[in-house]
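Student: Would you be able to build a 3D model of this:
(2 chains)
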Amino acid sequence: MIREEIIKLIIKVIKELQKEEILPDFEILEIHVEHPEEKAHGDWATNIALQIAKTAKKSPMEIAENLKSQISNLKSKVLEKIEVVKPGFINFFLSKEYLQGQIKEILKQKEKFGQLKIGKGQKVNLEFISANPTGQLHLGHGRGAFFGDTLANILEKAGFKTTREYYINDAVGGLQIRTISDTVTTVSRLPEVIFTPGELPYYSDYLKDKISIFKSSDKVISAIQEENKNFIENKLKIKFNNWVSEEKDLYQKNKVEKIQKWLDGKGLVYEKEGAKWLKTSEYGDIKDWVIVRETGEPTYLLSDIAYHKDKFDRGFDKIINIWGADHQGHVGKIKAAAKMLGFKGDLDILISQIVRLKGGLKLSKRKGEIITLENLIDEVGLDVARFLYLTKSLNTQMEFDLELAKEQSEKNPVYYVQYAHARICSILRKVKHPTSNIKHLTLLNHPSELALIKELIRFPEIIEDTSRDYQIQRLPQYAIDLATLFHQFYRDCRVISGDKNLTQARLALILATKIVLKDTLDLMGISAPKKM
RNA sequence: GCGCCUGUGGUUCAAUGGAUAGAACAUUGGCCUCCGAAGCCAAAGAUUACUGGUUCGAGUCCAGUCAGGCGCACCA
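Tutor: Got it, this is the predicted structure:
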């Protein structure tokens, strides 16, 4: 990757300057190389001179000039020009030869372009959606669903081995389901109350129907779970590797009981007011919490600890939980439990903020009519829905305007991206043998061609950054940027022309673009149509 | 009251502490005899809630204020 190469170059040069005592000895911190928005600032830029100015006791400009001349001496084929600008930025300009050569690289690697090794084959567990089997998936679940699925794709691309996991809160045997939540309000009711539908103004018609058909709580739950699973696999097109049942995989295997004994044996549990409390406050949480009620029944917390113990035992290097905002208070408890259990890997708990339907929920609450995720997908389609969700950062609340979404589905940015793909395919259909001759890549000199190549080679960097910071919204943005540069190229350069060599070179360019565009869409779970 | 998240053009959202805060939608105008106009080009629109602080540099970090959301169970 080009960024890595530049960073290595800078480190090397700083060390040389230190040896020559032009720069004093200091620890080289992280070298920050960025992709400036302004073209005049080069393809890459670093602020390293500004950062080390203080410790080096020299002016940033002086340091930058020193670094520049040292790097220039190396005569790298990758760089065409290096500039030092005002406060002390060093701007790098990539050479045409390097850029042209990258097309060859993309065509060679095909869909493996952007595949990284930073995951080193480490095992990652991603748990997401995990909707209670007491109703259909709603708009809020869409966030976790698409975010989790896409993040898993990106981590795989970055070289991790991922497991997509869904936790089913279906404990009915030992525990009994006490809470039925519809998608609007969570209300607690005893089991017998649940099964007198006439008295339940809170529950959706959907749930009432299920209750009147199946009568018993465990049957209602397994029926709903089955429907949700079906919906997720077939309509959301998300394939989970693992469906973990609280009832079957934890309670029936005595894992909840075992973890309680283990915690007890470690002296982490005490009795107060007839209940058993876990000393979470000693492990970083704000207070202690009950794990066994006065009645002797375990709480959700205990079974969730058992679940996490199970995950830890399965040997994951990294565990990512994607929870809704209403579970925020649960984070401290599970983190505390992870410490108690001595989990050595990363435990990242991501909270997705609430999805709010514009115009409020008035009618839905009373009538039990809610906007389900299925309604949304029926209205706008899976591609639009996925894109819509992915463009927003997890920790901002999102306001969902269904009317607007429907209206905009016609002119949605997803079509803009897909159109670029379809356009490429359309051009390729006009060529008899769309195999590209990579011998004429040096003919790619037009600013629009070079700009497009520069965007293409950002792809691995997008994967790297996103696999580190989980800022998924970077991906749809990249897709839009790439499509824009393609459309501009299309405006400026005719692919099929009388000039056979140039045609070959441009075919190679659009083939490379197609590969990266398709891959970007694949990562987001969005289709890349050949015709629209 | 305490904890977490958020406050950016009319709207929905971006912006690893960097250079002139970007898109999309909406608004206004221009571009199809030529590889797909679901496209391209342009205009207009922002005191980044407010007040201080940190530094070469703050939408971003820190403190405080205001506003909104979520959580604070022997519910899950």
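
Student: chain center to stretch A:114-122: distance?
Tutor: Here stretch A:114-122 is found 16 Å from its chain centre; the criterion is Cα atoms, centre = their mean, to the nearest Å.

Student: Tell me the buried residues in that stretch?
Tutor: Going by neighbour count (16 or more other Cβ atoms under 10 Å), the buried part of stretch A:114-122 is A:114, A:116, A:119, A:122. Quick note: C-beta positions are derived from backbone N, CA and C, even for glycine.

Student: Any stretches of chain A with poor pLDDT?
Tutor: In the predicted model of chain A, residues A:172-204, A:359-370, A:408, A:434-436 satisfy pLDDT under 70.

Student: at 50 what do you get?
Tutor: A:173-202, A:361-368 (pLDDT under 50).

Student: Just give me the longest helix of it.
Tutor: helix A:500-524 (DSSP state H).

Student: For the buried residues of stretch A:114-122, give me JSON lines that also has secondary structure.
Tutor: Below are the buried residues of stretch A:114-122 laid out as JSON lines (DSSP: H, G, I helix; E, B strand; the rest coil):
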{"residue": "A:G114", "secondary structure": "coil"}
{"residue": "A:L116", "secondary structure": "coil"}
{"residue": "A:G119", "secondary structure": "coil"}
{"residue": "A:Q122", "secondary structure": "coil"}
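
Student: so who does the residue of the stretch 1-150 of chain A found nearest RNA strand B touch?
Tutor: Residue nearest to RNA strand B within the stretch 1-150 of chain A (Cβ to the nearest atom of the strand): A:E34, separated by 2.4 Å. Each residue near A:E34 by Cβ atoms under 8 Å, 6 or more residues apart in numbering is listed here: A:44-47.

Student: Quick check on these: which are buried?
Tutor: A:44-47.

Student: Sort out for me which of those are in strands.
Tutor: Among the buried ones among the contacts of A:E34, the ones falling in strands (DSSP state E) are A:44-46.

Student: and the gap between the most centrally placed residue in chain A and RNA strand B?
Tutor: Nearest to the geometric centre of chain A sits A:L151, at 3.0 Å (Cα atoms, centre = their mean). Plainly put, A:L151 is 14 Å away from RNA strand B if you go by Cβ to the nearest atom of the strand, to the nearest Å.

Student: Surely that residue touches A:R474?
Tutor: No. Contact criterion Cβ atoms under 8 Å: A:L151 and A:R474 do not qualify, at 11.5 Å.

Student: what sits in contact with each of those two?
Tutor: With Cβ under 8 Å, 6+ apart, A:L151 and A:R474 have common neighbours A:T466.

Student: quick one, domains of chain A?
Tutor: Following automatic domain parsing, one finds the domains of chain A at A:2-94, A:128-357, A:412-524.

Student: Distance to A:R386 for those - can I get that in a markdown table?
Tutor: As requested, those are exported to a markdown table (distance: least, Cβ to Cβ, whole Å):
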| stretch | distance to A:R386 |
| --- | --- |
| domain A:2-94 | 26 |
| domain A:128-357 | 5 |
| domain A:412-524 | 6 |
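
Student: Which residue ranges of the stretch 351-500 of chain A form strands?
Tutor: Using DSSP state E, counting those that start in this stretch, the strands of the stretch 351-500 of chain A run over residues A:355-357, A:398-400.

Student: Tell me which residue of the stretch 251-400 of chain A lies closest to RNA strand B.
Tutor: For the stretch 251-400 of chain A, Cβ to the nearest atom of the strand, closest residue to RNA strand B: A:G329, 2.5 Å.

Student: Sounds good, over and out.
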